[in-house]
Each structure stands twice: as structure tokens, then as C-alpha cells.
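Chemist: The sequence and its predicted three-dimensional model are supplied below.
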Amino acid sequence: MLLSGKNALVTGAAQGIGKAISLTFAKEGANVAVCDMNEAVGQETVQEIRALGQKAEFYKVDVSRFEEVKEVTDKVLDNFSTIDILVNNAGITRDTLLIRMEEKDWDLVLNVNLKGTFNFTKAVARSMVKNRTGRVVNIASVIGLIGNVGQANYAASKAGVIALTKSVAKELASRGITVNAVAPGFIQTAMTDKLPRRD
């Protein structure tokens, strides 16, 4: 029970990596604020966390919209009193070759993956600074380090997450807050199930 008594906020927590993180946190004693756009699946995750004996609530939020993020953060703080851990996991893909990529698909991926990480980190940081403690974990991707054919928007967004992480880590370290990024390789999830096979 490494996280006993801690409160975590996880974005993109309804399924995939975010759900796995949330359940692992709960097994280690943490309460979890489940943030996602998919309310039906998100409520299922909440029930699984509660079955493990931990407090959990669902919050529907578009991570790309700061006003929504700020409102949800305030609600989580009201319900949980603190946010000790923030996991910025919400992410999407809109894959195609650069010459075929539409501006809306570039903007959407950058807004969710990169701006969403900025929005929640900014919204949560103030309370962490006040408490002089906190843990922020940003889910990047190996694609943000090496690039990939047909994923210029996704690669740019995840490279941005890595650079954002390095900068914010330096800003918040003196307040007792750590900010780290994890860059997974390919993991089979609902998101990656949509990717075309490249044999």
C-alpha cells in the first residue's frame, strides 16, 4: 500500500493505459479521480476502483479546454481535499502522411495530447505548490523521441510533452514537486487497435 491516503487524478482514465494506472494506484491504497470524455466506460472504472476499497469519482472533461479543466480540478479538490498525484495520460491519434494531413487533425492531436497536459498541470500545480508536495507524471511516447511515418502530429505532440516536462520539472522542483515523463513503446489498447498494420 505504497500510496495509502494519497489522492490521484488520472486523465484518459476510462480505459487502456489510464485505467490500468488508476487500478494499480487503487491497489496501492490511493483514491482516484477518473477523468475522461467517455462517461459510460469511466463509470465502470470507478466501480472497479471502489470494489478495491478506495474512493473514486468520475469527471467528464475535455482536456483541451482550460475552463473545463479548471472547473473539474476545483471539483476534485472539493471532493478529495488534495491532489497528490496527477497523471496526464489522455491522448489521441489521427494518423496519416504529412502531405495528406488536414489542419484540423494536426490541431486536434496537439490540443488533446500537448495542450491537455499543459492545462491540467497548470490547473493542479497551484494546489501542489501550496502544499509543497506533489507528483506529476506525463505519459509521452517513444514516438516523441524517434518519430514515425504517418504520425507527424502525434510525434510532435509527444515530443512537446517531453520538453514541457523538463521545463516544468525545473520550475517546480524547489516546491517539493517532481515532474516526470514516461515514454512507452507500443501497448495494445483501444487507441492502438485502430492503427493500420505494417507487416
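Modeler: Arrived safely. Because the structure is a prediction, the values reported are computed rather than measured. Numbers count the residues shown, from 1 in each chain.

Chemist: Show me the helices in the protein, by range?
Modeler: 16-27, 39-51, 66-80, 103-110, 116-131, 143-146, 152-172 (DSSP state H).

Chemist: and the first one, how far from the chain's centre?
Modeler: Shown here is helix 16-27, whose average C-alpha point lies 12 Å from the average C-alpha point of the whole chain (C-alpha atoms, centre = their mean, to the nearest Å).

Chemist: Go through stretch 6-26 and flag the buried ones.
Modeler: Buried residues in stretch 6-26, counted by 16 or more other C-beta atoms under 10 Å: 6-23, 25-26. Any C-beta I mention is one placed from the backbone N, CA and C, and that applies to glycine too.

Chemist: tell me the contacts of Thr73?
Modeler: 9, 83, 120, 123-124, 127 (C-beta atoms under 8 Å, 6 or more residues apart in numbering).

Chemist: Tell me which two of the residues you listed sit farthest apart.
Modeler: Phe120 and Ser127 (11.9 Å; C-beta to C-beta).

Chemist: quick one, which of the two is more surrounded?
Modeler: Comparing Phe120 with Ser127 by neighbour count (other C-beta atoms under 10 Å), the higher total belongs to Phe120, at 28 against 18.

Chemist: Would you confirm that the more buried one contacts Val63?
Modeler: Yes - the criterion here is C-beta atoms under 8 Å, and Phe120 meets it with Val63 at 6.3 Å.
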